[in-house]
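Q: what's the 3D shape of this:
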Amino acid sequence: MVSKKIELLVGLFAAIGIAALLMLALKVANSGITGSGNTYQLYAKFDNIGGLKVRSPIKVGGVVIGRVSAISLDSEDYTPLVTLEIFAEYKNFSEATSVSILTAGLLGEQYVGLLPGFIHTSVEILKPGDYIEDTKPALILEELIGQFLFSQGSGD
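A: So this is what the prediction gives:
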């Protein structure tokens, strides 16, 4: 009787441990079991997206305001087209907003950074489905190192 009780307690402890690890993994992956609520889409075309991935965060000043929902190649000019899924509570971005692909740390993951433009009476607010015109491509570390090495070699 006592051994069955101990086995039951050990099994319960193991189940709680597995549930805790699952919750930790979901928290670290920054994705929840439930959806993130109402969102709207904006689009941006880049010359180079580097290592940007679907579900990469979209940040304004370090605050996550959405996620990248799709990455495709535009059929007209063959440039990368990024679909930005922005949380509905952040809806007052002006047409003067710029978007760039940034890297968290020196070798960290890439994310989309929005720099809100000033809201004037002459500048309109972006509506769902609009394109952000002012884009800055990703900086590729290997390209920067190559440019540095070639510029050092040409000075001799």
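Q: What's the local residue count around residue 149?
A: With neighbours defined by other Cβ atoms under 10 Å, the count for residue 149 comes to 10. To be clear about C-beta, it is placed using only N, CA and C from the backbone, and glycine gets the same treatment.
Q: Make sure it is indeed in a strand.
A: No - with DSSP: H, G, I helix; E, B strand; the rest coil as the criterion, residue 149 is assigned helix and is not in a strand.
Q: Could you check how far it is from residue 143?
A: Using Cβ to Cβ, to the nearest Å, one obtains 11 Å as the distance from residue 149 to residue 143.
Q: pLDDT below threshold where in the chain?
A: Scanning the chain for pLDDT under 70 picks out 30-36, 120-121, 153-156.
Q: so where do the strands sit in it?
A: 39-45, 57-60, 63-73, 80-87, 98-103, 110-115, 131-132, 134-136 (DSSP state E).
Q: buried residues in the fourth one?
A: Buried residues in strand 80-87, counted by 16 or more other Cβ atoms under 10 Å: 80, 81, 82, 84, 85, 86, 87.
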